[in-house]
Structures are given as structure tokens and as C-alpha cells.
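K.L.:
this one's sequence-less:
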Ligand SMILES: [Zn+2]
């Protein structure tokens, strides 16, 4: 049986039923002015798809309901926010949603921006997003923390992050008035202090997660169904620890459901009436917060959305490197180069056979093809042209080809092979070291670096930086046992990772 996705129609059916049963919906910011709080604060975290949020906003408006839409502009929302045409039409939709009476708020990911992204200050992205919306007439008074998919990635790959740190990686802890105790969070070379931003400085009056500590009442959220992948259930919990509740539902849905938490199947005909039962006994002076993700209610094969995406297309412009690799690249001679690798490195040592190897900045994969005779190879390069050429020449699919920057990815390999990617083609400075650290972290046993260099050293020629062998040796020796030779105009480095 094929899985039926939830639909906007189902959502509206539920909302309408609640409305008919006397539930009063309002926006999160209405909490600031309400004296009578026996209401449902309806909020939407718009993680990725502004178009389906818009459809939901229109449908709610037609029922006379106004809620809060928290708009993310980073992480998963980049698909529309960094695509010029979609951004333009997205902004129009947001302005329209506001004029319907909905509240627009900020959905933010400070932790993801800081630990995973490339912002200079932790709050850069927030400032930028708030500036963009406010300049365009969208007023923002409240915010809600995003459960960052980028941070989940960091957590998944960096098993070394202690549990005590993991539980601190919640975006809402960045605000000075978060109820939890303050902490200092360190991951790799980056540090972030929780409670370090003041909402007032950003014109923010309320964080939706903190709202729960005022309400103390029930919380409803649409969560992935434990029994039916592809669908969501409406889950309901009491009490203040909403964050814990969401986390548990996300990770141990089955168990949680068994523990008797109130999971309401949205596919059930009775779901709406079950839900209205939740609202019956709300004590005076409290309220229910209901969090809905519009994209959960979008049909996967929603043609309307698909057409929108198709009509914008995917922008592509070839870079210098794309052209270079497609036009035959360095034109190396395979036999000669294989012999050279064998002579000047230990890469073809029998004991290394079947190790995994990462080709860092593989270009058109010239070296990957050679190394695949000895290793299980993953080849990475930011040039789509390079990766395409590499993959086209690899009909047997011996190599795994990945388009992206090696100093931003996380998989680990026994050997890393760097034939001077651009981030090493520069003097030894902070940037050099940051990239070096990242490649070192991805290395299980041996890091191999090869770079062209001839005296005088410490200078830029047209396209290459001439590293000084002594300085490089000193630098590498900080990491592990280093074997560096300067032969035939190349620096050959092998660094062993101590067990
Ligand atoms: Zn989110």
C-alpha cells in the first residue's frame, strides 16, 4: 500500500473542526497583549518551502484565523532564500501574508550558522535576515529556534562531542533570558557562549520556546509518524519541558508513543474531535501552543510546487576550473605520473592495499583513477566540471565522486591525499591552518600532501605559492611523525597519525 502524505485539506479540516468547537486561534505575539489566555497560539516553522507556507496562510485566512509564520533564511531554507527569483516571489508572499493579518517571525539557526556556516560573528545571519525583512516592510517581534539539520550533521559525525555539550546545542539558549543555566560551548576551534545575545538588541520581544514556560500548559506539534513513514501525527504533551518532548518524539517515537503520550493520528476520521478534547480542559490563564510545519502537509508530488521549481530552473555558470577540467585539464601522462608516485611516496606500499583514501581537491580525478588501483577512493572537488569529467572517465564506478569543498565535509579515511588543493596553495596562516586541521580530522592514519615548490621560497608565482620545505616540516611535525622531502621541484609530505 502506498503511503498517503498529509494534505493541506486534512489540516484545514482539523483546524476548522477545532474552530467549530470554540477554540480561539491567535498569533504568538498576541501573548504580549492578552489578558485572557485560554487560546491556541498557532505557530508555523517554515523550514524550507515558502510557497506551501503561503498556501496554508491563505487557507487559514479564509477561515478567519491568523497565526505566526516563522521564516528560516539559512540551512534548509537556502533553496529558496538564496535563489534570486524564488526569493523575490517569496518576499512578496511574506508581505501578503502579513497584510492578511498573520504575524511574521524569525526562525533562526545561530548554532548552525556559527559552528557549521561561515559567519564572522554568531549573530551575523540574524542581523542580516532581520534587516532584509524590516527594510521590506515586514515587522518582526517574535522568534522561534530552528532544530538545525546542520547541527544534527555535526553531531552525527563528531562522535567526540560530549553529551553535556550536545544537550546545549539548542538555538533558543542563545538568548540572555533563556530559563536554563548559562554555559560555554566549544566545538573544535570555535566557542560560543549561550545566553550571550539580548533580544532587545534585535527588536525581539518573545521567543516561542520560552513562551511555553509562561503557559505551562499543553503543547501540540506535528511529528513524524512512528508507524507510517511519510505521514505526520499530531502529538500532544503536557507540562513545560517542551524541548525534551520534541527531542524524544524525534528520536524515540515508538517508545514515547507507548509511554502513553497523546499521539493523534491525522489519518483517523476522529482525529479532529480527539484533538478538540485536548482543548476542553485548559485552565483559565493558560494556553496551548500548536506548532505546525507547513511542508509536512504538502503532498510530495504536489504538481503546483513542482511547476514552480521547474519554472525557476537551477542557475549554473561554469567557473574557470570547470572550463579548465572539461578542456582536458593538466594533460598529465598517466604512466609517468604513476611511476613518480611510486618513486617519491609510500602510497603503493602493500600494507596500505584496500585502505580507504580521500583525494582532496581531486580536480578531474586524474590521481583518483591511479589510486583506485590500490585503495577504495572517494574523490572531492568544488568544481562540478572536474567531478563530471572524473565520473565520465570512471565507467566501472570504482571511485565515489563528490562535488564540494573537502574542508567542509566530515567523512573519515585511512589516507588523505592532497595534491595541493587551493586552500593549501597559500602561505601558512590562520586560513591555511584551519583547512589543514579539517583535513587532518578526516585522516585516520596517514596524510599525504604534495606541492610544487622551487626556490626562492615564500613567494607567489602566477598561480602557485612556493612553500618553504623547512617551515612546512616544522608546521606538519606539530601534528605527527613527518617525513618531508624536497625532490624534483616538489615537496613530498607524509604525516603519520599516532594511534
Ligand atoms: Zn525549523
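P.N.:
In hand now; what should we look at? Not measured: the values here are computed from a predicted model. Numbering: from 1, shown residues only.
K.L.:
mean confidence score for stretch 352-362?
P.N.:
Stretch 352-362 carries an average pLDDT of 95.
K.L.:
now do the same end-to-end measure for that stretch.
P.N.:
20 Å (Cα to Cα, to the nearest Å).
K.L.:
separation between the nearest residue to residue 445 once chain neighbours are set aside and the ion?
P.N.:
In space, and not counting its chain neighbours, residue 445 is closest to residue 414: 4.7 Å by Cβ to Cβ, 6 or more residues apart in numbering. In short, each C-beta sits where N, CA and C put it, glycine included. Residue 414 is 37 Å from the ion, where distance means Cβ to the ion, to the nearest Å.
K.L.:
surely residue 440 and residue 476 touch.
P.N.:
No - Residue 440 lies out of contact with residue 476 (Cβ atoms under 8 Å); the separation is 9.6 Å.
K.L.:
find the residues that touch each one of those two.
P.N.:
Here residue 440 and residue 476 have residue 495 as joint contacts, going by Cβ atoms under 8 Å, 6 or more residues apart in numbering.
K.L.:
these two: who's more crowded?
P.N.:
residue 476 (20 against 16; other Cβ atoms under 10 Å).
K.L.:
could you look up the SS state of the residue nearest to residue 445?
P.N.:
Three-state assignment for residue 414 (DSSP: H, G, I helix; E, B strand; the rest coil): strand.
K.L.:
residue 333: how many residues sit nearby?
P.N.:
Neighbours around residue 333, by other Cβ under 10 Å: 10.
K.L.:
and the pLDDT for it?
P.N.:
So residue 333 comes in at 91 (pLDDT).
K.L.:
in the longest helix along the chain, which residues are buried?
P.N.:
Using DSSP state H, we find that the single longest helix of the chain is helix 84-100. Buried residues in helix 84-100, counted by 16 or more other Cβ atoms under 10 Å: 86, 89, 90, 91, 93, 94, 97, 98.
K.L.:
what's the answer for stretch 480-499, then?
P.N.:
Buried-residue list, stretch 480-499, by 16+ other Cβ under 10 Å: 480, 482, 484, 486, 490, 491, 492, 493, 494, 495.
K.L.:
how about the residues you listed in a markdown table, adding distance to residue 350 and secondary structure?
P.N.:
Below are those laid out as a markdown table (distance: Cβ to Cβ, whole Å; DSSP: H, G, I helix; E, B strand; the rest coil):
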| residue | distance to residue 350 | secondary structure |
| --- | --- | --- |
| 480 | 22 | coil |
| 482 | 23 | strand |
| 484 | 23 | strand |
| 486 | 26 | strand |
| 490 | 24 | strand |
| 491 | 25 | strand |
| 492 | 20 | strand |
| 493 | 21 | strand |
| 494 | 16 | strand |
| 495 | 21 | strand |
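K.L.:
farthest-apart pair in those, please.
P.N.:
Farthest pair in these (Cβ to Cβ) is 480 and 490. Separation: 20.6 Å.
K.L.:
excluding chain neighbours, what is closest to the residue of the chain found nearest the ion?
P.N.:
Residue nearest to the ion within the chain: residue 146 (3.6 Å; Cβ to the ion). Nearest in space to residue 146, with sequence neighbours left out and distances taken as Cβ to Cβ, 6+ apart, is residue 109 at 4.4 Å.
K.L.:
how many neighbours does that neighbour have?
P.N.:
26.
K.L.:
any weak-confidence spans in the chain?
P.N.:
1-5, 35-38, 153-161, 163, 216-217, 225-230, 238-272, 281, 283-285, 299-315 (pLDDT under 70).
K.L.:
buried ones in the lengthiest strand in it, by neighbour count?
P.N.:
Longest strand of the chain, by residue count under DSSP state E: strand 443-452. By neighbour count on 16+ other Cβ under 10 Å, the buried set for strand 443-452 is 443, 445, 446, 447, 448, 449, 450, 451, 452.
K.L.:
which secondary structure elements does it contact?
P.N.:
strand 413-418, strand 490-496 (3 or more Cβ pairs under 8 Å, 6 or more residues apart in numbering; DSSP states H and E).
K.L.:
again, only using 10 Å
P.N.:
Helices and strands touching strand 443-452, by 3 or more Cβ pairs under 10 Å, 6 or more residues apart in numbering; DSSP states H and E, are helix 334-344, strand 356-360, strand 413-418, helix 430-441, strand 465-466, helix 469-477, strand 481-487, strand 490-496.
K.L.:
give the pairing partners of it; include direction for each.
P.N.:
strand 413-418 (parallel), strand 490-496 (antiparallel) (DSSP bridges).
K.L.:
right, I'll call it a day here.
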